[in-house]
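*Asks:* below are the sequence and a predicted model for it; my questions follow.
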Amino acid sequence: MSLTSTTTATRDDGPASRPGPEHRFRRKGPVHRLLRLIRRPLSLQGLLVGATVIVVGYLALVPLGYLIHDTFLSADGSGVSLDAFARAYGGDSHAGEMMLNSLWFAIGSAALALLLGTVLAYVQVRTDTPFKGLFFAASLVPLIVPGILYTTAWIFLADPSTGLLNSLLFTPLFGSSPLNIYSIWGMIWVQGLHLAPVAFLLMVAAFRAMDPSLEESAAMSGAGRLTVLRRITMPLLRPAMISSALLMFIQSLESFEVPGLLGLQNGIYVFTSRIYFVLRSYPIDYGAAGAYAIGLLVIAVIGVLLSSWLQRSSRNYQTVGGKAFRPRPVELGRARAFVGAGVILYFLVTVILPVGVLVYASLLKYYAAPTRETLGRLTLDNYRAVFTQPFALTALKNSLVLGVGAATVVMLLASIVAWVVLRTKAPGRRILDLLAFTPIVIPGLVLGLALAFVYLRMPLPVYGTLLILLISYCTRYLPYGMRYASSAMAQMSPELEESAAVSGASWFQTFRRVLLPLMSGGILAGWVYILIVSFRELSSTILLYSPGKEVLSVLIWEQFENGQFTTLAALGVCMVTLLVLLVAIAYRLGARFGLQSDSAN
Amino acid sequence: MRTTRTTTLALAGLLIAATATGCGSAVTTSSAGTKANDFYAQIAGLPKDQQVAKATEVARTEGDTLSLYTSMTSDVATPVTQAFEKKYGIKVNVFRGTSETVLQRTLQEVQAGKAGADALETNFAELMALADNDFLADFNGAALDKVDSTAKFPQWTATRLNVFQPAWNTDLVKPADEPHSWEDLALPKYKGKLTLEVSDSDWYANVTKYWLDHGKSQAEVDSLWQDIAANSKVAKGHVTMMQFLSAGQSAIQAMNYTYITDHAIAAGAPVTHLPRSGVSKIPAFPRPNGVAMVKNAQRPASAWLFYHFMLTDGQKELVKLKLTPSTKVPGDKSLQGITLVPFDVEGVSRDAAHWDKKYDALLRSAGKSGK
């Protein structure tokens, strides 16, 4: 079990490390080595790490195996074939044009989200900007609002002919309506804003874990503020930036909500529109769907390899060392008012406007632009409908259980896997890293089918329970948890673990008392992210949930199918309120357990 | 060190215990399967006036529950299943999904030998797929007598119809500009005003066949479609489209289901699928949704009763919900002013891939060419 041989923890926690028997074994050479080999996996460290690796490998391999089997097996089942790729990419499928659209959309959205998320995180953690409390919760709102609602809100705001921004702001003031949401720029804008919280959460954790003494030394040596930012701060944040860019890029590549609602209008087809069509026809061409997913997988693998290559000299990023530090905020001075105004403007555009449209819609029977007449017809009926919906409470409870469960399980697994990948020299650790990333390219429906296939044939009471949804969510969000955990781990110097070991701490003690607390910023960020997105997960849920075990996303989908957009808006408003509250509680509890807080700065 | 070892042992013990409990609760349903098929054979052999009584009697032994997989929206499924529960005292567990998920879930379960659904109520294409695989059971109850022969299929029967018609915003389309035929949608006056839905290949197939059957040449049909596409933008989702139509963001939808339009009208939205005259001459294609019983079901008698219910009292419930039932029900006004023509169930299911491909190619020229 060479996975447990590490650079830092080379001692053994097992009974073999006690001096007495050790001597006896040493004399007997090969027998001793054999016993060590057997006993080491039975140590707590061995068991924990071994079990984690097995669980993660299992979670990732089930859907991947299902997908690959259907992709490469020829239609008659007789042998391996590449027909599926010909069907997917060949002929009249416009694969090239769609690929270009997809890349452009994904790069644009990821870049916009990364820029916004990083700037926001910097302002939040490292400056003395006003409105910090409001800032944090508000930054997460675009992530909380279900994609279909956020996109629709933007359609109502920026439709070229009837959008509120065009008709109420630009036309009266400037005589033109310049905003067109149905363009590639509109798509990038909506997707970028929707994803910015992913980058924000990661970057906040990274900024918090950064020792400002490096920046201070640079400033003392005469570097200007911009130089410090460019030469010290940014390079130090590379692991977190690469991680979030990778996540957001792949997520944009495979998302169909925004391209479906905004792109189709002007004939902008993306790569995933093909997967969407393939998956909704019967019989499903699993081969073609798999061929598309494998295309995405290749891109994802290149991304993961590139990111580990960019982080190859790991010492450069280890900002959490043995010395105490306290990130000190940059005093903005006269700029404080401007930054404050900028913050307010940002929230006006990304939160107040779209959520405002939703609140307005939730008070109507059907959406219509605000006039004196529609404003006179406002009603709370939609909220009444939400609260009297059958299963509303059960669904809320189930979603909470699943969200908290998936977030906790994934972050625990991811922390241990991140440790194996970054801290050990175990063979196959890179493969483990890649494997933990593969679920990101598996379409939700395929994941659902794979899990149904396996658990219908397994004599375990999993199918038809909440457990199968938990497994599905853990699989889907494992890649995200991995990125959050490994970027936090990359910032930590091994010298901390070494000192713990020298002081006689066992591996488990070191992990629990040193590593986890120091990574808590990143882990909590990942936890919050998974909690939020698991409330929305539908594509595998819709196949796997059982009567009586509904979750909120199924309810949202039902409202949508019923054609009650305004009721859906009411449900969305309730969700935003609830999740903002939950996140606030999570961070308040985090602060109690030693998580650094920015409010004291 | 001792604590470590104790924890290790405890962990290992837990793992073993968990595995053991898991394995202990293996489920086998093969015996339920033969039982179900025996019941289906038995009830089919009874005189028709004794079938309901027999099914009710056997349903008592099945625990008075029914597992239904359906693509009825919840505002329909809830009242319909409540009416069934009230009538037969059988509690219904409803799995609601898209018709595709209903199909995939049923397929997965049947192939694994663990039928989770007793009865299905979903779109025709998915029922055809299941019937082709012989996964459904035959029904020969008296309820079929009231059903038109065009609504009866091997192993399933139509329960309700989703009717294809254009829909428009009455603020944006004046009476003089209302469409009166599918051909009208190709007129240059609708340039930039029309919306096509991305998955409507079944509508495309039916209109194309209708035109070809009514004397148009393939070239004429192709040219009409090119002009319609040139007038159009593409959108996704009938419900979403109706939202934007109500809000006045689009003027006309080439096709939406009349019940979606009717629901929007009921909420007060300025939309319609009927011209001011109240009578539409546009050939309306009714796409059937149907009911079926699953072979190897765990509760076949309850499934049989649900099938029977959906073609009798259930039809009245559908009318109350302003849907279009598949049989003639007094008080049904959903087809008022509509000119029904046959929907090509067989052709659309057989050549689905072909129509998908052609429709997709057409959409790619949307808004681009034209006069």
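*Replies:* Received, thanks.
*Asks:* what's next to stretch A:185-195, contact-wise?
*Replies:* A:105, A:108-113, A:116-117, A:142-143, A:147, A:150-151, A:154, A:158, A:179-181, A:248, A:251-252, A:255, A:258-259, A:262-263, A:268, A:350 (C-beta atoms under 8 Å, 6 or more residues apart in numbering or on different chains). Every C-beta, even on glycine, is put in place using the N, C-alpha and C of the backbone.
*Asks:* what about stretch B:155-175 and chain A, any contact?
*Replies:* No - counting by C-beta under 8 Å from any C-beta of the partner chain, chain A is not contacted by stretch B:155-175; separation bottoms out at 9.8 Å.
*Asks:* chain center to that stretch, what's the gap?
*Replies:* Its chain's C-alpha centre and that of stretch B:155-175 lie 14 Å apart, by C-alpha atoms, centre = their mean, to the nearest Å.
*Asks:* for that stretch, buried residues please.
*Replies:* B:155-169, B:172-173 (16 or more other C-beta atoms under 10 Å in any protein chain shown).
*Asks:* okay, and which of those map to strands?
*Replies:* Applying DSSP state E to those, the entries found in strands are B:156-169.
*Asks:* now the most centrally placed residue in chain A: how far from A:Cys474?
*Replies:* Nearest residue to the geometric centre of chain A (C-alpha atoms, centre = their mean): A:Tyr480, 4.1 Å. The gap separating A:Tyr480 from A:Cys474 is 11 Å, by C-beta to C-beta, to the nearest Å.
*Asks:* what of B:Thr65?
*Replies:* From B:Thr65 to A:Cys474 the distance is 31 Å (C-beta to C-beta).
*Asks:* give me the more crowded residue out of those two.
*Replies:* A:Cys474 (24 against 15; other C-beta atoms under 10 Å in any protein chain shown).
*Asks:* about what we covered before: mind listing the shared neighbours of A:Tyr480 and A:Cys474?
*Replies:* With C-beta under 8 Å, 6+ apart, A:Tyr480 and A:Cys474 have common neighbours A:Val410.
*Asks:* ok, the ones in strands among the buried residues of stretch B:155-175 vs chain A, which is closest?
*Replies:* B:Asn169 (10.8 Å; C-beta to the nearest C-beta).
*Asks:* next SSE after the helix or strand of chain B with the lowest mean pLDDT?
*Replies:* The weakest-scoring helix or strand in chain B, judged by mean pLDDT, DSSP states H and E, is helix B:2-24 (a mean of 43). Once the chain leaves helix B:2-24, the next helix or strand it forms, by DSSP states H and E, is helix B:30-45.
*Asks:* so which elements touch the helix or strand following that following helix?
*Replies:* Sequence-wise, the next helix or strand downstream of helix B:30-45 (DSSP H and E) is helix B:48-61. Under the contact definition 3 or more C-beta pairs under 8 Å, 6 or more residues apart in numbering or on different chains; DSSP states H and E, helix B:48-61 sits against helix B:30-45, helix B:300-311.
*Asks:* can you point out the buried residues in the helix or strand where B:Ile228 lies?
*Replies:* Using DSSP H and E, B:Ile228 falls within helix B:218-231. Using 16+ other C-beta under 10 Å as the test for burial, helix B:218-231 gives B:Val221, B:Leu224, B:Trp225, B:Gln226, B:Asp227, B:Ile228, B:Ala229, B:Ala230, B:Asn231.
*Asks:* who are the packing partners of that helix?
*Replies:* strand B:194-197, helix B:201-213, helix B:352-364.
*Asks:* the last one packs against which elements?
*Replies:* Applying 3+ C-beta pairs under 8 Å, 6+ apart, one finds that helix B:352-364 makes contact with helix B:201-213, helix B:218-231.
*Asks:* count the residues that sit near the residue of the stretch 101-250 of chain B found nearest chain A.
*Replies:* Residue nearest to chain A within the stretch 101-250 of chain B (C-beta to the nearest C-beta): B:Ala112, separated by 3.6 Å. Close neighbours of B:Ala112, defined as other C-beta under 10 Å, add up to 18.
*Asks:* same deal with A:Thr394?
*Replies:* 14.
*Asks:* re the thing from before, mind giving me TSV with the helices and strands packed on helix B:352-364 and columns for mean pLDDT?
*Replies:* Converted to TSV, the helices and strands packed on helix B:352-364 look like this (pLDDT from 0 to 100):
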stretch	mean pLDDT
helix B:201-213	96
helix B:218-231	96
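*Asks:* give the buried residues for stretch B:191-200.
*Replies:* B:Lys193, B:Leu194, B:Thr195, B:Leu196, B:Glu197, B:Val198, B:Ser199, B:Asp200.
*Asks:* tell me how far the ends of that stretch are from each other?
*Replies:* Length of stretch B:191-200, first residue to last, C-alpha to C-alpha, to the nearest Å: 20 Å.
*Asks:* domains in chain B, as residue ranges please.
*Replies:* Domain ranges of chain B: B:30-159+B:288-325, B:162-287+B:334-364, per automatic domain parsing.
*Asks:* so how far is chain B from the residue nearest to the centre of chain A?
*Replies:* 25 Å (C-beta to the nearest C-beta, to the nearest Å).
*Asks:* wait, a strand at that residue?
*Replies:* No - using DSSP: H, G, I helix; E, B strand; the rest coil, the assignment for A:Tyr480 is helix, not a strand.
*Asks:* ok, back up a step: and of the helices and strands packed on helix B:218-231, who's closest to A:Ala450?
*Replies:* Smallest distance to A:Ala450 across the helices and strands packed on helix B:218-231 (C-beta to C-beta): 23.8 Å, for helix B:352-364.
*Asks:* rewinding a little: restricted to strands, list the contacts of stretch A:185-195.
*Replies:* Per DSSP E, the subset of the contacts of stretch A:185-195 in strands is empty.
*Asks:* any idea how far chain A is from the nearest residue to B:Tyr210 once chain neighbours are set aside?
*Replies:* Closest residue to B:Tyr210 apart from its sequence neighbours, by C-beta to C-beta, 6 or more residues apart in numbering or on different chains: B:Pro283 at 5.8 Å. Distance, B:Pro283 to chain A, by C-beta to the nearest C-beta: 25 Å.
*Asks:* any idea what B:Pro283 is bridged to?
*Replies:* Here B:Pro283 sits in beta bridges with B:Thr339, as judged by DSSP bridges.
*Asks:* count the residues that sit near it.
*Replies:* 19.
*Asks:* where does chain A have its least confident helix or strand?
*Replies:* None of the helices or strands of chain A scores lower by mean pLDDT, DSSP H and E than helix A:19-27, at a mean of 44.
*Asks:* up against chain B, what does the stretch 101-250 of chain A have?
*Replies:* A:Ile148, A:Thr152, A:Ile155, A:Phe156, A:Asp159, A:Ser161, A:Thr162.
*Asks:* list only buried entries from these.
*Replies:* A:Ile148, A:Thr152, A:Ile155, A:Phe156, A:Asp159, A:Thr162.
*Asks:* adding pLDDT, write those residues out as a markdown table.
*Replies:* Formatted as a markdown table, these follow (pLDDT from 0 to 100):
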| residue | pLDDT |
| --- | --- |
| A:Ile148 | 81 |
| A:Thr152 | 87 |
| A:Ile155 | 89 |
| A:Phe156 | 88 |
| A:Asp159 | 85 |
| A:Thr162 | 79 |
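*Asks:* what comes up buried for the one helix or strand A:Met411 maps to?
*Replies:* In this structure, A:Met411 sits in helix A:392-423 according to DSSP H and E. Under the neighbour-count criterion of 16+ other C-beta under 10 Å, helix A:392-423 has A:392, A:395-396, A:398-400, A:402-407, A:409-423 buried.
*Asks:* out of the helices and strands packed on helix B:48-61, which one sits most buried?
*Replies:* helix B:300-311 (a mean of 27; mean count of other C-beta atoms under 10 Å in any protein chain shown).
*Asks:* next, the angle from that one to helix B:30-45.
*Replies:* 50 degrees (axes from the mean of the first three to the mean of the last three C-alpha atoms, to 10 degrees).
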